[in-house]
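Novice: Build me a model:
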Amino acid sequence: MRHQKKISPHSLRHSYATHLIEAGVSLQDVQHILGHHSILTTNRYTHLTTQTEALATQRIDALMGRFNLGWGAAK
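Specialist: Next comes the predicted model:
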C-alpha cells in the first residue's frame, strides 16, 4: 500500500523557495520573488536540508583551511 502525500499550494511554494536557496539564490532575491515585505517571513520558508548542510560544511571547511592555527593565536 502506497502512502500518498497531499500537495497544497503552500507546500509547492515552500519547496520552490527551498530549491531556489539550494541553487544559491540569495534570501533577499527569494524574498522579492515571493513578494514578502519582511525577510523574516521569507526565512520561515527555509530549512536545513541534507544538501544545504553538506554545502555549508564544505564552505566552512574551505574557509577554515585558510587559517594556520596553533597554540595561542591564529597565524
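Novice: what are the ranges of the strands in the chain?
Specialist: For the chain, applying DSSP state E gives no strands.
Novice: helices and strands of it: which one has the lowest mean pLDDT?
Specialist: helix 50-64 (a mean of 82; mean pLDDT, DSSP states H and E).
Novice: Show me what that one is packed against.
Specialist: helix 9-22 (3 or more Cβ pairs under 8 Å, 6 or more residues apart in numbering; DSSP states H and E). Placement of C-beta: from N, CA and C, glycine included.
Novice: which regions of this structure lie under the pLDDT threshold?
Specialist: For the chain, the stretches flagged by pLDDT under 70 are 1, 48-49, 72-75.
Novice: hmm, try it at 90
Specialist: Low-confidence regions of the chain, defined by pLDDT under 90, span residues 1-7, 10-15, 17-24, 41-75.
Novice: From residue 13, how far out is residue 44?
Specialist: Going from residue 44 to residue 13 by Cβ to Cβ, to the nearest Å gives 11 Å.
Novice: swap that for residue 33, sorry
Specialist: Separation of residue 33 from residue 13 (Cβ to Cβ): 10 Å.
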